[in-house]
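Engineer: Pasting the sequence and the predicted coordinates here, then a few questions.
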Amino acid sequence: MEEENAVELLQRFRRDRRVLLDFILSGSLIKKVVMPPGAVTLDDVDLDQVSVDHVLNCAKKGGMLELSEAIRDYHDSTGLPQMNSTSSADEFFLVTDPAFSGSPPRRAPPSIPASTPISVAAPVYAPSPVASLSSVAKSESFNSEEERELTVDDIEIDDFEDDDLDAEEVASARVVRRNTNDASDLVPKLPTFATGIADDDLRETAYEVLLACAGAAGGLIVPSKEKKKDKKSRLMRKLGRSKTQTLASQSERAPGMAGLLETMRAQMEISESMDIRTRKGLLNALTGKVGKRMDTLLIPLELLCCISRTEFSDKKAYIRWQKRQLYMLEEGLINHPVVGFSESGRKGSELRILLAKIEESEFRESSAGEVQRTECLRSLREIAVSLAERSTRGDLTGEVCHWADGYPLNVKLYEKLLLSVFDILDEGKLTEEVEEILELLKSTWRVLGITETIHYTCYTWVLFRQFVITKELGVLQHAIEQLNRIPLREQRGPQERLHLKSLSSRVDGQELSFLQSFLSPIQKWADKRLGDYHLHFSEDPAVMEGILQVAIVTRRLLVEESETGIVSTSAMDRDQIESYISSSIKTAFTRTLQGVDKSDAMHDHSLALLAEETKKLLKKESSLFSPILSQRHPQSIVISASLLHRLYGIKLKPFLDGAEHLTEDVVSVFPAADSLEHYIMSLISSTSGDGTAEVNLRKLNSYQVESVSGTLVMRWVNSQLGRLLGWVDRALQQERWEPISPQQRHAPSIVEVYRIVEETVDQFFALKVPMRSSELNSLFRGVDNAFQVFAKHVKDKLENKEDLIPPVPVLTRYKKEAGIKAFVKKELFESKLPEETTKSRVVDVQATPILCVQLNTLFYAISQLNKLEDSIWEQWTAKKPREQFIKKSLEEKSPSLKQKGSFDGSRKDINAAIDRICEFTGTKIIFWDLREPFIENLYKPSVSQNRLEDLIEPLDLDGLVRVLLDGGSSRVFHHTDAKILEEDLEVLKEFFISGGDGLPRGVVENHVARVRQVIKLHGYETRELIDDLRSSSGGGGSKLGGDTQTLLRILCHRTDPEASQFLKKQFRIPKSLS
């Protein structure tokens, strides 16, 4: 791989060197350029053999340049290995690799006097003897180079004053050549050539094959040198043209085959002198061969015979050219023949000997060397032609010359031809004549043994490699188009299948077919990039789509080629996509983890940062890469999200296991991890189908962050609720039940309780950790319990209201009895003898203002309870993430959690306490505060003397009933008092209604109805009451609507002898003392 990279770099340097020299020699830096013998224009000069140092020195001096001198300097300085910078002549560096250099030279190098000083600036070299073909270094390029050559990049535009040169276009061309990418890891798996032929040798030979094939079609002519006079090469015309000349230059190409060949010559960077020599040689070789096609010639042999030394500007160039032709014969006929040898390799050995002798003849005396060369060429023709004209692939003897169709020589030559489709100035674009070029290249298929499958495979390879170098998306799309055109096995003909099966080579001990040699490097390159697509395609996802298509198609072709069995295409594609996702996600996550470890975050824990970066990675995956991958694998985002979930979970688990308290690290990591998990689950749910979302989510191994966090939060809540109860107890102990202000009539203790509760709630929601509904319910229960404790404390401080009510007086009758006949019946009432007035026991009764403050306090508590509940629910809704709908727990699905009933216990207790205080306060006012004026003095001694209107403000209906039925022996009523009592009842009713500002009229009417019934009974005559009492006592029921006890008590308060006599006989009720 390193050798291929070095060779590629060498060729690029050489091309840049030619551009530089051609540009300098065509410009105004040098006053005059003297051509070498036999050359008319620069196109006739091989710029590879011109010394750059010599040209630059002439440019600096401003003198005349003799190219023959520059060529001589070049050969004088490149013949031997360069010496080191010491004074010793015993040490030198080899240019070649000794392992491949063969036997040592047969002749000793010329001696160097020990006293001869060695210049450091100009090293001394010795000639390079060549004894035989095998003694030549295999890795040595035929085109030697300077130790350091100048390129276009080393020259500033400002150094030139050529008006014809467009500086902008030159700069653009320089950028194109500079911004190339390394394709060293994209090398076809082909064996190296034993002769060490370089890419330039293959390129020049490929052009010779192209000319021969064009000549077979009658399109080969030799251009006139007069037409080429004072004419720049196509490259220099492009470099020197202005923008306005662009369109005009496109029409300068000659029409037909001649123009197309001229384009190919420029595209393949063939000098015009070489082009003319080759054309003449091919035409001369065909002379006298009637009926012979030019493409059936053994081209290297014919050119050796038809091109003489005099047609080259110097001997060195001729030797290089001859060596290339000899090496091509050796590779095509011996090393890689399309037809194997049947005579134990005898002819092959003879051929090698002849090739070595031809090369050696150049180092003998001119006459002897020429004789040896001529004899060897004659013998070489006999052996080489017999080998090349052997029939194969069904052709007739002599119909095809098999010298360049042996594998892999043929595909390497064809590759050089295909490289001509790229624009020489913009390597990322195809030339305008690409279709014509490809059509022309079909003429070489016969000579090179190219089939349709081989063509599309090689063309795909060339295009894809050019894409790797230039990163041009258009080239990639064109490569994909050609890749899809490669026929499958069943689409190939039987002859082509047999031919492709024979194309195999052994590389590194592995037997590879043709398709494997070219497509497996492409597949390996694509797999490597797609295995980390987060790194390679983040900036341009469109390129990833093309590379993915290349990888899938090449894999299908290679699987079919390997004959491992029929595999489902869709299943194979899905497996391939899953491997890319797995590899890239793991690599990207590892890179993210390393970045987090290197970061110097001051506040957040590394796991929190990792969660955020993982979420960013997943967002990038879903937005950039998933749309591409999902075209071939619908579950791609599910795979990537699940994998990231597992990778982060591995890092998170040790932290979860060690979390025992709500520390800063826990508060930092838990929310980030929970947010990541929710995002992953929402992404999976949104991209999965209706029936697969739940299945995919169930496959996830949940982090259980909410469970661990909930346990920690529950500990905190329990601790805070204990503190809350302590504050409630403290506030109640310090309470004096005095209103805060005239406007705020409630006690300060409830304000303090609410402050502590709200502080606890705020701290609860300030915990930025995941929580479940159970933690919220625990908070609700704790707060609810705190208010229940407060209400219970207030209620328990109240005395029993029964202790405020005085004992009911003993029933008595009117002291004047009437003589009536009555039968004595079983007494319904066990009367007591009159006693002194019984006094109530001493009780500690709270003052009415305190009771009012307590009542206001409880009302404030229950009114603020709704606001507190709403606030808690709003904060809970805001706290729970939007993705929570994915994994709702059963508790959260129940309506009870969503409804407002969290404080039902405290509401019930507070309302009960309010009712208790109201009852107690009412009882206290009537039976305690107003006992004397109301209970003891109302309607005493008669209704008319002590009316209700005198006590209207503090009255109570229960107290009025008490006066009417249990007023004691000092109160008497007459049936005529019923009207007055009715009037007093109406006054009392209106007092409670207060014109609509008091109690609702319906409520008052309900309470007044019982009192009105009692007053109605007071209006009946005594006889009617006695009869009704007898009837109800006998089980017949009351006709007046009163019960026995009510009728009895009304009769006891009658100022009527008849009533007194009845009560005495019937119930043995004693007389009143008044």
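Structural biologist: That came in fine, so what should we check first?

Engineer: Where does the prediction get shaky in the stretch 51-200 of the chain?
Structural biologist: Per-residue confidence for the stretch 51-200 of the chain (pLDDT under 70) gives these ranges: 77-182.

Engineer: Now do the buried residues in stretch 711-723.
Structural biologist: The neighbour-count check on stretch 711-723 (16 or more other Cβ atoms under 10 Å) flags 712, 713, 714, 716, 717, 720, 721 as buried. C-beta coordinates here come from the backbone N, C-alpha and C atoms, glycine included.

Engineer: Give the next helix or strand downstream of the helix or strand harbouring the last one.
Structural biologist: Secondary-structure assignment from DSSP states H and E places residue 721 in helix 705-733. Proceeding N to C from helix 705-733, the next assigned helix or strand is helix 748-766, under DSSP H and E.

Engineer: What are the contacting residues of that next one?
Structural biologist: 713, 717, 720-721, 723-724, 727-728, 731-732, 734-735, 740, 779, 783, 786-787, 790, 857, 860-861, 864, 868, 871-872, 875-876, 879 (Cβ atoms under 8 Å, 6 or more residues apart in numbering).

Engineer: which among those residues end up buried?
Structural biologist: Counted by 16+ other Cβ under 10 Å, the contacts of helix 748-766 give 713, 717, 720-721, 724, 727-728, 731-732, 735, 740, 779, 783, 786-787, 790, 857, 860-861, 864, 868, 872, 875-876, 879 as buried.

Engineer: gap between the longest helix seen in the chain and the chain center?
Structural biologist: In the chain, taking DSSP state H as the definition, the longest helix is helix 848-879. Remark: helix 848-879 is offset 48 Å from the chain centroid, using Cα atoms, centre = their mean, to the nearest Å.

Engineer: what's the average pLDDT for that helix?
Structural biologist: Helix 848-879 carries an average pLDDT of 87.

Engineer: Stretch 739-750 too?
Structural biologist: Mean predicted confidence for stretch 739-750 is 82.

Engineer: what do you get for stretch 466-475?
Structural biologist: 92.

Engineer: Please point out which parts of that stretch sit buried.
Structural biologist: Applying 16+ other Cβ under 10 Å to stretch 466-475 flags 466, 467, 468, 469, 470, 472, 475 as buried.

Engineer: with those in mind, which one is nearest to residue 526?
Structural biologist: residue 468 (10.1 Å; Cβ to Cβ).

Engineer: Check the gap between the closest one and residue 8 for me.
Structural biologist: 12 Å (Cβ to Cβ, to the nearest Å).

Engineer: which neighbours do those two share?
Structural biologist: Common neighbours of residue 468 and residue 8 (Cβ under 8 Å, 6+ apart) are residue 183.

Engineer: quick one: low-confidence ranges for the stretch 301-450 of the chain?
Structural biologist: Ranges of the stretch 301-450 of the chain meeting pLDDT under 70: 340-345, 392-399.

Engineer: Tell me where it has strands.
Structural biologist: Counting by DSSP state E, counting those that start in this stretch, one finds no strands in the stretch 301-450 of the chain.

Engineer: hang on, isn't residue 486 packed against residue 459?
Structural biologist: No. Counting by Cβ atoms under 8 Å, residue 486 sits too far from residue 459 to count as a contact (9.4 Å).

Engineer: quick one: the strands in the protein?
Structural biologist: Per DSSP state E, the chain carries strands over the ranges 33-34, 65-66, 504-507, 510-513.

Engineer: Nearest to residue 554 among these would be which one?
Structural biologist: Among these, strand 510-513 comes nearest to residue 554, with 13.4 Å by Cβ to Cβ.

Engineer: Report the strands that pair with the closest one, each with its relative direction.
Structural biologist: According to DSSP bridges, strand 510-513 forms sheet pairs with strand 504-507 (antiparallel).

Engineer: Give me the distance from the partner strand to the chain's centre.
Structural biologist: Remark: strand 504-507 is offset 42 Å from the chain centroid, using Cα atoms, centre = their mean.

Engineer: Only C-alpha atoms, please: export that strand in CSV.
Structural biologist: Taking Å, rounded to 0.1, in the frame of the first residue of the first chain, the C-alpha atoms of strand 504-507 are listed here in CSV:
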residue,chain,number,x,y,z
SER,A,504,-7.8,-14.9,-11.2
SER,A,505,-4.6,-13.9,-9.3
ARG,A,506,-2.9,-14.8,-6.1
VAL,A,507,-2.2,-11.9,-3.8
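
Engineer: Going along the chain, name the helices of the stretch 151-300 of the chain.
Structural biologist: 167-178, 199-216, 225-228, 234-240, 246-250, 256-267, 272-285, 299-306 (DSSP state H, counting those that start in this stretch).

Engineer: How confident was the prediction at residue 237?
Structural biologist: 46.

Engineer: let's have the chain start at 420 instead
Structural biologist: Will do, 420 is the new start, and the previous item becomes residue 656.

Engineer: residue boundaries of the helices in the stretch 1270-1419 of the chain?
Structural biologist: Under DSSP H, counting those that start in this stretch, the stretch 1270-1419 of the chain gives helices at 1309-1312, 1314-1317, 1323-1342, 1376-1384, 1397-1412.

Engineer: For the fourth one, buried residues please.
Structural biologist: Buried residues in helix 1376-1384, defined by neighbour count with 16+ other Cβ under 10 Å: 1376, 1377, 1378, 1379, 1381, 1382, 1383, 1384.
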